[in-house]
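*Asks:* Below are the sequence and a predicted model for it; my questions follow.
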Amino acid sequence: MVSVSLPVDSVRERLEAWGERLSVAAVNGPSAVVVSGDADALEELLTACEAEETRARRIPVDYASHSAHVESLEEEIRRTLAGIAPRSSSVPFYSTVTGGVLDTTEMDAGYWYRNLRGTVRFDETVRVLLDEGFQTFVEASAHPVLTVGMEQTAEDHGTPVAAVGSLRRDEGGLERFLTSLAAAHVGGIAVDWRTVFAGTGAHPVELPTYAFQRQRYWLDATSAAEVAAAGGGLSADAVDVRFWEAVEREDLEALVRTLEVEDEEQQSSLTALLPALSSWRRQRREQNKVDGWRYQAVWKPLASASETTLSGTWLVAVPEACGDDALVAAVLDGLAGRGAHVVRVAVGSTDDREVIAERLRMALDGVEPSAVAGVFSLLGLDESAHESFAVVPAGLAATVALVQALGDADVVAPLWCGTRVRCRWAAPTGW
């Protein structure tokens with residue numbers, strides 16, 4: 001057996017040269033096809049794929065299932081399995097022999113022969129499931145071999161899915177199974193953790209004081225169809241798939257057959273044009289991928305607040321290292337100019353929550369914490385490295401300590417954090 005990373009139609013076209021010696025054994029995804037048959041014919045196929053720079057690899061098995069080789073075993077298979085008495089299942093059964101739902105009473109000896117002889121229609125069956133709304137796939141096996149094909153089929157179908165395995169080769173213990181459960185949970189699959197941890201002594205714990213939200217912070221991949229719909233992409237129409245495959249491989253013979261060009265002069269023109277067309281295709285693919293990653297950040301000014309008035313006591317936390325910063329003076333003057341009673345609190349880069357809490361109490365001497373109308377922090381202005389944790393800005397660490405200290409000092413007023421944004425843009429060469 002050999003795995004070939006091409007669409008099934010392209011593989012079948014290539015196999016015509018070997019006749020019955022090679023067969024399509026399985027179609028696992030849009031570009032995941034398994035071929036089986038005579039060993040010498042498979043060697044020739046591997047050589048041809050290597051010459052075309054098509055990814056193909058041998059599957060380490062010593063039998064050619066799903067090919068003409070199985071036909072010699074038909075009588076033995078039917079005789080051995082003749083005693084099977086299939087019955088209806090309570091769970092719908094989707095067969096990769098028929099490519100859809102199957103009444104399991106039909107799974108007699110003849111069915112199992114066809115299962116071993118015919119092409120495995122895995123990709124087709126997964127598409128039926130996707131059409132019916134299924135988006136969760138668990139491969140219960142000793143090692144996942146089909147999850148990648150499921151994900152490729154789902155991407156081509158335009159449906160987001162969660163496809164996970166259960167165990168892995170050389171990792172068949174409880175730790176591997178729990179890791180797979182965690183992967184399923186991250187993928188949005190509901191896991192009954194109480195049952196998982198029953199009898200272990202594990203128990204729920206309180207979360208931190210901020211709410212967790214399941215939110216992704218990386219860019220979503222843009223499908224080819226979405227890019228094309230936006231006007232900047234390449235069409236994924238099945239009609240021209242074969243054409244572009246020939247162009248990308250710079251396969252002149254396949255291109256001539258696809259275009260049905262018989263005139264020798266026209267063929268000669270294609271010979272000169274094909275390298276440039278292939279190069280353009282690759283560049284467009286790369287450019288489309290880059291375009292799909294781009295996004296634009298837009299700054300919008302707030303509405304004028306010139307008429308806003310403030311009242312009560314406002315605490316302004318200022319980093320000692322930036323006490324003379326013009327922005328600090330502007331904030332202090334701005335708050336005072338709006339009618340606030342401003343109380344400045346200096347915070348050192350090494351101050352912890354206890355020190356900051358004590359500074360807050362001293363600054364509020366004679367003022368009830370409940371009378372504080374607001375807190376404005378400028379601690380983020382200190383962008384120097386923290387003395388104990390070099391990768392952490394001192395201002396960030398101080399801001400965390402300030403939040404804790406406000407609670408320790410019984411200050412429950414709203415907190416605003418101000419900082420300064422410096423923008424720099426350099427366009428890469430060629431953009």
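*Replies:* Everything's here; your move.
*Asks:* mind listing what the closest residue in space to residue 129 that isn't next to it in sequence touches?
*Replies:* Spatial nearest neighbour of residue 129, excluding adjacent residues (C-beta to C-beta, 6 or more residues apart in numbering): residue 94 at 6.3 Å. Just so you know, the C-beta spots here come from the backbone N, C-alpha and C atoms, and that holds for glycine as well. Contact analysis of residue 94 by C-beta atoms under 8 Å, 6 or more residues apart in numbering lists 100, 101, 102, 125, 128, 129.
*Asks:* So which residue of this structure lies furthest out from the middle?
*Replies:* residue 366 (55.9 Å; C-alpha atoms, centre = their mean).
*Asks:* Next one: that residue relative to residue 150, how far apart?
*Replies:* From residue 366 across to residue 150, the span is 68 Å (C-beta to C-beta, to the nearest Å).
*Asks:* Kindly report the same for residue 420.
*Replies:* Counting by C-beta to C-beta, the separation of residue 420 from residue 150 is 48 Å.
*Asks:* out of those two, which sits in the busier spot?
*Replies:* Shown here are residue 420 and residue 150; by other C-beta atoms under 10 Å, residue 150 has more neighbours (23 against 11).
*Asks:* Not counting its neighbours along the chain, what's nearest that one?
*Replies:* residue 163 (4.3 Å).
*Asks:* can you tell me the helix or strand for that neighbour?
*Replies:* Using DSSP states H and E, residue 163 falls within strand 162-165.
*Asks:* what's the next secondary structure element after that strand?
*Replies:* With DSSP H and E, the next secondary element past strand 162-165 is helix 174-186.
*Asks:* quick one, helices of the stretch 1-150 of the chain?
*Replies:* 8-15, 39-52, 74-80, 109-117, 122-131, 147-157 (DSSP state H, counting those that start in this stretch).
*Asks:* In the chain, where is pLDDT below threshold?
*Replies:* Along the chain, segments meeting pLDDT under 70 span 208-239, 302-307, 422-431.
*Asks:* Can you check which helix is longest in it?
*Replies:* helix 264-293 (DSSP state H).
*Asks:* Who are the packing partners of that helix?
*Replies:* Counting contacts by 3 or more C-beta pairs under 8 Å, 6 or more residues apart in numbering; DSSP states H and E, helix 264-293 is packed against helix 224-229, helix 241-249, helix 252-259.
*Asks:* can you redo the helices of the stretch 1-150 of the chain as a markdown table with distance to residue 201?
*Replies:* Converted to a markdown table, those look like this (distance: least, C-beta to C-beta, whole Å):
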| stretch | distance to residue 201 |
| --- | --- |
| helix 8-15 | 52 |
| helix 39-52 | 55 |
| helix 74-80 | 50 |
| helix 109-117 | 46 |
| helix 122-131 | 39 |
| helix 147-157 | 33 |
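*Asks:* out of those, nearest to residue 32?
*Replies:* Proximity to residue 32 (C-beta to C-beta) singles out helix 147-157 among the helices of the stretch 1-150 of the chain, at 4.8 Å.
*Asks:* Dump the closest one to PDB, restricted to CA.
*Replies:* Backbone C-alpha positions of helix 147-157 (Å, rounded to 0.1, in the frame of the first residue of the first chain) are rendered in PDB as follows:
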ATOM      1  CA  THR A 147      -8.200  12.600  12.600                       C
ATOM      2  CA  VAL A 148      -6.100  14.500  10.100                       C
ATOM      3  CA  GLY A 149      -8.300  13.300   7.200                       C
ATOM      4  CA  MET A 150     -11.400  14.300   9.100                       C
ATOM      5  CA  GLU A 151     -10.000  17.800   9.700                       C
ATOM      6  CA  GLN A 152      -9.000  18.200   6.100                       C
ATOM      7  CA  THR A 153     -12.500  17.100   4.900                       C
ATOM      8  CA  ALA A 154     -14.200  19.500   7.400                       C
ATOM      9  CA  GLU A 155     -12.000  22.400   6.300                       C
ATOM     10  CA  ASP A 156     -12.900  21.700   2.600                       C
ATOM     11  CA  HIS A 157     -16.600  21.400   3.600                       C
END
